[in-house]
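A.B. asks: Following is a predicted model, sequence given first.
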Amino acid sequence: MGMSGLKLLKYVLFFFNLLFWFCGCGILGFGIYLLIHNNFNLLPSLTLGNVLIIVGSIIMVVAFLGCMGSIKENKCLLMSLNNYVSESLTDSIQRYHTDNSTKAAWDSIQSFLQCCGINGTKDWAGHPPASCPSDPQVQGCYAKAKLWFHSNFLHIGIITICVCVIQVLGMSFALTLNCQIDKTSQSLGL
């Protein structure tokens with residue numbers, strides 16, 4: 001990829017992270033609004049407002065790191081989630097035998113990518129599951145997944161952009177319909 005392509009990628013990455021940061025701000029603001037004005041309780045001490053504040057804050061922090069990492073071309077900021085992903089995968093391996101959805105997810109990933117564990121068969125205490133390939137030198141799923149994402153980056157990007165465009169169009173149509181309903185209600189005196 002030439003220098004102009006990398007520069008374009010840098011600014012596209014910055015723009016999308018900035019967009020996610022604004023979305024995080026919106027979610028955070030809506031969470032604060034719900035916390036002040038409403039009381040939708042999911043659990044006794046967990047309200048919808050609290051959940052949205054937590055999610056919005058996480059999105060804002062991650063998007064901010066992405067913005068700064070892309071504009072400053074700082075590899076540490078761009079890859080700050082690597083440790084978090086690795087730790088989460090380690091936790092999920094420990095839940096493999098107790099949680100059916102975790103077991104199904106690991107089995108499908110290991111079968112699809114022909115990998116085993118996070119870094120190899122040594123990640124599984126004792127005997128690796130049947131979904132692991134029988135080769136003892138098989139590559140870990142973390143490296144295989146990163147390789148798969150890198151090799152399919154263009155397709156993933158196109159699909160993501162299409163989904164975003166559809167979402168924006170859907171929101172635009174919903175807002176247009178809302179405005180038309182308001183105008184019709186006002187003209188009818190409702």
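C.D. replies: Thanks, I have it.

A.B. asks: Residue nearest the middle of this structure, spatially speaking?
C.D. replies: residue 59 (9.0 Å; Cα atoms, centre = their mean).

A.B. asks: Grab the nearest non-local neighbour of residue 14.
C.D. replies: Closest residue to residue 14 apart from its sequence neighbours, by Cβ to Cβ, 6 or more residues apart in numbering: residue 70 at 4.5 Å. For every residue, glycine as well, the C-beta is placed using N, CA and C.

A.B. asks: Just the CA trace of the host helix or strand of residue 88, in PDB.
C.D. replies: For residue 88, the host element (DSSP states H and E) is helix 82-94. The C-alpha trace of helix 82-94 is given here as PDB (Å, rounded to 0.1, in the frame of the first residue of the first chain):
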ATOM      1  CA  ASN A  82      -5.000  -6.500  22.700                       C
ATOM      2  CA  ASN A  83      -4.400  -7.300  26.400                       C
ATOM      3  CA  TYR A  84      -8.200  -6.900  27.100                       C
ATOM      4  CA  VAL A  85      -9.100  -9.300  24.300                       C
ATOM      5  CA  SER A  86      -6.500 -11.800  25.400                       C
ATOM      6  CA  GLU A  87      -7.700 -11.700  29.100                       C
ATOM      7  CA  SER A  88     -11.300 -12.100  28.000                       C
ATOM      8  CA  LEU A  89     -10.500 -15.100  25.900                       C
ATOM      9  CA  THR A  90      -8.600 -16.600  28.800                       C
ATOM     10  CA  ASP A  91     -11.700 -16.100  31.000                       C
ATOM     11  CA  SER A  92     -13.900 -17.700  28.400                       C
ATOM     12  CA  ILE A  93     -11.700 -20.800  28.200                       C
ATOM     13  CA  GLN A  94     -12.100 -21.200  31.900                       C
END
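
A.B. asks: What average pLDDT does whichever strand or helix holds residue 163 get?
C.D. replies: Residue 163 belongs to helix 153-188 when assigned by DSSP H and E. Regarding helix 153-188, the rounded mean pLDDT is 77.

A.B. asks: same thing with stretch 27-42?
C.D. replies: 74.

A.B. asks: what comes up buried for the helix or strand in which residue 12 is found?
C.D. replies: In this structure, residue 12 is located in helix 3-37 according to DSSP H and E. Residues 13-14, 16-18, 20-21, 24, 27-28, 31, 34-35 are the ones in helix 3-37 that count as buried (16 or more other Cβ atoms under 10 Å).

A.B. asks: where does the closest residue in space to residue 123 that isn't next to it in sequence land in three-state SS?
C.D. replies: Among residues not flanking residue 123 along the chain, residue 117 sits closest, at 3.1 Å (Cβ to Cβ, 6+ apart). Secondary structure for residue 117, judged by DSSP: H, G, I helix; E, B strand; the rest coil, is coil.
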